[in-house]
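A.B. asks: what follows is a predicted structure for the sequence shown.
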Amino acid sequence: MSEINWDKLGFDAYRTRTVVLSHYKDGKWSPVETTENFSFTLDPFAQVFHYAISCFEGLKTFRQKDGRIAIFRPDQNAARMQRTAKFLGIPAPDKDLFIKMCTLCVQNNLEFLPPYGHQASLYLRPMLFGVHPQMQLVPYPEAYFAVICAPAGSYYGEHLKSFAGVIPGNYDRAAPKGSGSYKIGANYAATFKPYKTAHDQGYTELLYLNSGTREFIDEFGSSNFFAIKGNKYITPLSDSVLPSITNKTLQEVAADFGMEVEKRPVRVEELADFDEAAACGTAVVITPMSHIDIKPVLEEDKVEKSYRFMPDGEVGEVCTKLYKRITGIQFGELEDTHGWCYHIEEK
Ligand SMILES: Cc1ncc(COP(=O)(O)O)c(C=O)c1O
């Protein structure tokens, strides 16, 4: 038996028991392998090392109140990975293979699935990367698809606690008409340096603007942005934003609550009018912002403008209500009227 403190889990790389793996070569996926070997042996010329031909997904598995096991909306992640793989020019698993390998990963790492009652889950990380050895900048139909997992608690260290954000005037996340809407590793590489600077200054998150004109809000480095204004749920419409499954889910939850959902370009100045503003995503669930600063140059002291939503650490009424509904469904405490939970057998 493992000795995991389920109440103290963060969001960390965690060595579990098995990896689930398949290799696409010569027009087909190899038989699925479930292995305790956590090392991949690849040719140093493999596309992934040089040209970042790599993408991934993130989704959670829950031990529910009645003891059943549910993966949350895996069909959506399968579809998003297919869209990303098409952009990278590598083969993607179809929905059935994707879900089968996620299921196997859970079943073969069951001792790492947090028991019900700890606000924790088993995070699945399906990854797909080009392994063909080549120098030329052309796609090639060869890839590894692997599913790994890690027990996960709160991404930011605590559940439902508001954080400080910053808009960095001198960094962009994704080019207009670029790769921002795909879940490729390269999008994240561009955020490591500004994240380090922001964290050193006490900010938790970076909020990126649209790169072209810098007039509109795109998303956080790790998650989508949404805001609450009266009875409205407002979230940016942008080609450079990752289509978040959590955001899509929350839009439906908000509509269920009788809220008006607006998906449209959101101007930066609108931050002054919002009652609540938050990050949403699989890892962060809903994490509200206490305040956000606009800094023309992240590395310098100057703050051009600051917007406050909540006293530090506090959380607004609507974010709390949305959080309780989505996590209630995930943990099987509330009725899953939309059929979002995909139940799997123990073995
Ligand atoms: C950049 C970015 N945006 C948004 C999201 C949220 O997407 P999802 O809700 O599908 O996890 C993520 C991942 O969690 C992300 O990395």
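C.D. replies: Looks like it came in fine. Residues are numbered from 1 along each chain as shown.
A.B. asks: make it CA atoms for all contacts and neighbour counts henceforth
C.D. replies: Will do.
A.B. asks: go through stretch 48-63 and flag the buried ones.
C.D. replies: Neighbour-count burial for stretch 48-63, with 16 or more other Cα atoms under 10 Å as criterion, is recorded at 48-49, 52-63.
A.B. asks: show me these that map onto strands.
C.D. replies: The strands, defined by DSSP state E, take in 54-56, 59-63 from these.
A.B. asks: relative to Gly313, how far out is Tyr155?
C.D. replies: Separation of Tyr155 from Gly313 (Cα to Cα, to the nearest Å): 15 Å.
A.B. asks: with Met101 instead?
C.D. replies: For Met101 relative to Gly313 (Cα to Cα), the value is 38 Å.
A.B. asks: what does stretch 88-104 contact?
C.D. replies: For stretch 88-104, contacts defined as Cα atoms under 8 Å, 6 or more residues apart in numbering pick out 20-21, 24, 32, 34, 53-54, 74-75, 78-79, 81-82, 85-86, 124, 126, 128-130, 139-143, 145, 147, 344.
A.B. asks: from those, which land in strands?
C.D. replies: 20-21, 24, 34, 54, 124, 126, 128-130, 143, 145, 147, 344.
A.B. asks: ok, which pair from the residues you listed is furthest apart?
C.D. replies: Gly130 and Ile344 (29.7 Å; Cα to Cα).
A.B. asks: comparing the two, which residue is more hemmed in?
C.D. replies: Gly130 (28 against 16; other Cα atoms under 10 Å).
A.B. asks: so the more buried one sits against Ile53, correct?
C.D. replies: Yes - using Cα atoms under 8 Å, Gly130 is in contact with Ile53, at 5.4 Å.
A.B. asks: and the stretch 201-347 of the chain, which residues reach the ligand?
C.D. replies: 221-224, 242, 244-247, 281-283 (Cα under 6 Å from any ligand atom).
A.B. asks: name the nearest residue to Gly157, ignoring sequence neighbours.
C.D. replies: Among residues not flanking Gly157 along the chain, Gly10 sits closest, at 5.7 Å (Cα to Cα, 6 or more residues apart in numbering).
A.B. asks: helix, strand, or coil at that neighbour?
C.D. replies: The three-state label given to Gly10 by DSSP: H, G, I helix; E, B strand; the rest coil is coil.
A.B. asks: contacts only, for Asn247.
C.D. replies: So Asn247 contacts 224, 226, 280-281 (Cα under 8 Å, 6+ apart).
A.B. asks: which among the ones in strands among the contacts of stretch 88-104 gets closest to Thr204?
C.D. replies: Of the ones in strands among the contacts of stretch 88-104, the one sitting nearest to Thr204 (Cα to Cα) turns out to be Leu124, at 23.5 Å.
A.B. asks: separation between that closest one and Arg267?
C.D. replies: On the measure of Cα to Cα, Leu124 and Arg267 end up 34 Å apart.
A.B. asks: chain center to the strand or helix carrying Leu97, what's the gap?
C.D. replies: Using DSSP states H and E, Leu97 maps to helix 95-107. Here the centre of helix 95-107 is set off from its chain's centre by 18 Å, with Cα atoms, centre = their mean, to the nearest Å.
A.B. asks: keeping just the C-alphas, turn it into PDB.
C.D. replies: The C-alpha coordinates for helix 95-107 follow below in PDB (Å, rounded to 0.1, in the frame of the first residue of the first chain):
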ATOM      1  CA  LYS A  95     -11.400   8.000 -29.800                       C
ATOM      2  CA  ASP A  96     -11.700   4.300 -28.900                       C
ATOM      3  CA  LEU A  97      -7.900   3.800 -28.600                       C
ATOM      4  CA  PHE A  98      -7.500   7.000 -26.700                       C
ATOM      5  CA  ILE A  99     -10.200   6.000 -24.100                       C
ATOM      6  CA  LYS A 100      -9.000   2.400 -24.000                       C
ATOM      7  CA  MET A 101      -5.500   3.500 -23.100                       C
ATOM      8  CA  CYS A 102      -6.700   6.100 -20.500                       C
ATOM      9  CA  THR A 103      -8.800   3.400 -18.900                       C
ATOM     10  CA  LEU A 104      -5.900   0.900 -18.800                       C
ATOM     11  CA  CYS A 105      -3.700   3.600 -17.200                       C
ATOM     12  CA  VAL A 106      -6.200   4.100 -14.400                       C
ATOM     13  CA  GLN A 107      -6.800   0.300 -13.900                       C
END
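A.B. asks: next, the angle strand 59-63 makes with it.
C.D. replies: Inter-element angle recorded for helix 95-107 and strand 59-63: 50 degrees (by axes from the mean of the first three to the mean of the last three Cα atoms, to 10 degrees).
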